[in-house]
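J.: predicted model and sequence follow; I will ask about them next.
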Amino acid sequence: MKKLLFIRHAESFGNKMKIIQGHADFNLTETGKKELSSLINSNFSRFNNYDSIISSPLKRTYETAEIISGFINASVENDELLKEFSAGILDGLSKEEAKEKYEKYYKIWEKRGDLDQIPKAESGDMLQVRTLMFLERFLGEDYNHIIVSHAGFLRCLINTINGNKRTTPLNLDHDQLYELEDIFDKINFEKNKLAKNSIVYKISTCDRDYIIKKEPRWLEKKDYDEKELIDYLSNYVNIPKIYLMTNRKKYFLKGIEYKDGVHIIGNLNDIQIKNTTEMLKKMQNLLYNIYLPQFFYYLF
C-alpha cells in the first residue's frame, strides 16, 4: 500500500494566544484536545486505515499524535524533519508584538510565503529540501502512515508532492485532512548511477531543482567543516550551497543547491567530491597564510 494521511496539530496555547509559533513549543489546549477527539470519531474509518503515525517532535504535534494513537492503537515515531517552518526572530512573539517591533518582517510572515528576508528565518529552499529529505525515506518502500505536522511545513510538503509551487495557498485549519497516494507521481528522484560509496539524487520540483546525497554512515566533523567552508565561499564563487545535513537511522543526507553548469548529475561521484573538498581546504590554508602574517605585521 502507498498512502499517507496528513494532518495539522490540534489547537495549541500558542494558537489561542495568537503567537507566531515556529520552533517555539506549546502544549495543546483542552479545546484542541476535544475538537481533535471529535474529528477522529467523525472520521474513524479513515484514521483506522493506517498502520502507524509519524510526528514532528514539538509538543503540539506529539500530543496530537498520542491522542490519535489512543484511538487507533498505532505506534508513534518522531521525525525532526517534520518540525515547523521557523520564522527566525519572530518565533515565540505574539502577532501584536511582532507587528509592533518588526512591522516589515511581520508583513512578510503574514503573506505565508518564503521567509528568506526575515533574520534567522528558515529559507524557502531549505524548507523544501527538508520536505524532500523526509520523503526520501519512502523511496522504494510501501507506506501507510498518518503524518502529523504544522501548517507551514505541510503547505510546502503537500504542494511539493502535488507538483505545485511550495507557497500555493492551502486550507490547513486544524480539522483538515489530506490523503495522498503515490507521493512520487509528480516528483522524480533521478538517481546518479556513477556514485560508488553514496547515492546522489537530482530532484526536480515546481520551484527549482535540488541535489540530495545519501551515504551509509553518520555525519562527521569533516562534513560540518566542509559545510562551513562552502557556506563562506559560496558568497564569492559559483559553488552550490549545502542547505541542510541530517542523520537518519542508518545513513546521512545532505541537501544541496543545484546549479546548471556546476552540477552535472552524471559527473557527481565520490572522487570529484573529495577532490573538491581538498581543493577548498587548500584555498582556505592559502588565504590563512596570505592574510594572517599581514594582520600580525600591522598589529605589531
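T.: Sure thing, it's come through. The structure presented is a predicted model; accordingly, all values stated were derived computationally and were not measured.
J.: can we go C-alpha only for contacts and neighbour counts from here?
T.: OK.
J.: just want the most central residue of the protein.
T.: With distances taken as Cα atoms, centre = their mean, the residue of the chain nearest its centroid is residue 130 (2.3 Å).
J.: isn't it up against residue 79?
T.: No. Here residue 130 lies out of contact with residue 79, judged by Cα atoms under 8 Å, at a distance of 11.2 Å.
J.: any weak-confidence spans in the stretch 151-300 of the chain?
T.: Within the stretch 151-300 of the chain, the ranges that satisfy pLDDT under 70 run 193-195, 261-300.
J.: what segments of it are strands?
T.: Taking DSSP state E, counting those that start in this stretch, the strands of the stretch 151-300 of the chain run over residues 177-181, 188-191, 199-204, 209-215, 242-247, 252-257.
J.: just send these back as a markdown table, with mean neighbour count and distance to residue 3 too.
T.: Formatted as a markdown table, the strands of the stretch 151-300 of the chain follow (neighbours: other Cα atoms under 10 Å; distance: least, Cα to Cα, whole Å):
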| stretch | mean neighbour count | distance to residue 3 |
| --- | --- | --- |
| strand 177-181 | 15 | 4 |
| strand 188-191 | 16 | 17 |
| strand 199-204 | 20 | 21 |
| strand 209-215 | 21 | 23 |
| strand 242-247 | 18 | 25 |
| strand 252-257 | 22 | 24 |
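J.: got these as JSON lines, with distance to residue 101 columns?
T.: Shown next, in JSON lines, are the strands of the stretch 151-300 of the chain (distance: least, Cα to Cα, whole Å):
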{"stretch": "strand 177-181", "distance to residue 101": "35"}
{"stretch": "strand 188-191", "distance to residue 101": "42"}
{"stretch": "strand 199-204", "distance to residue 101": "38"}
{"stretch": "strand 209-215", "distance to residue 101": "35"}
{"stretch": "strand 242-247", "distance to residue 101": "29"}
{"stretch": "strand 252-257", "distance to residue 101": "33"}
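J.: distance check, residue 175 against residue 24.
T.: Residue 175 sits 22 Å away from residue 24, going by Cα to Cα, to the nearest Å.
J.: correction: the previous question concerned residue 75.
T.: Per Cα to Cα, residue 75 is found 25 Å from residue 24.
J.: can you check residue 116 too?
T.: Distance from residue 116 to residue 24, by Cα to Cα: 19 Å.
J.: before we move on, the earlier item: which of residue 75 and residue 24 has more neighbours?
T.: Neighbours were counted for residue 75 and for residue 24 using other Cα atoms under 10 Å; residue 24 has more, 17 against 14.
J.: touching, that one and residue 90? I think so.
T.: No. Here residue 24 does not reach residue 90: they are 9.9 Å apart, not a contact under Cα under 8 Å.
J.: out of the strands of the stretch 151-300 of the chain, which comes closest to residue 135?
T.: strand 188-191 (10.2 Å; Cα to Cα).
J.: burial count for residue 249?
T.: By other Cα under 10 Å, the residues close to residue 249 number 9.
J.: for the remainder of this discussion, apply numbering that starts at 182.
T.: Renumbered: residue one is now 182, and that last one reads residue 430.
J.: please report how far residue 309 lies from residue 349.
T.: Distance of residue 309 to residue 349, computed by Cα to Cα: 13 Å.
J.: wait, residue 323
T.: The gap separating residue 323 from residue 349 is 28 Å, by Cα to Cα.
J.: same thing with residue 421?
T.: Residue 421 sits 26 Å away from residue 349, going by Cα to Cα.
J.: what's the answer for residue 221, then?
T.: Distance, residue 221 to residue 349, using Cα to Cα: 27 Å.
J.: tell me which of the two has more neighbours.
T.: More crowded of residue 221 and residue 349, by other Cα under 10 Å: residue 221, with 19 against 13.
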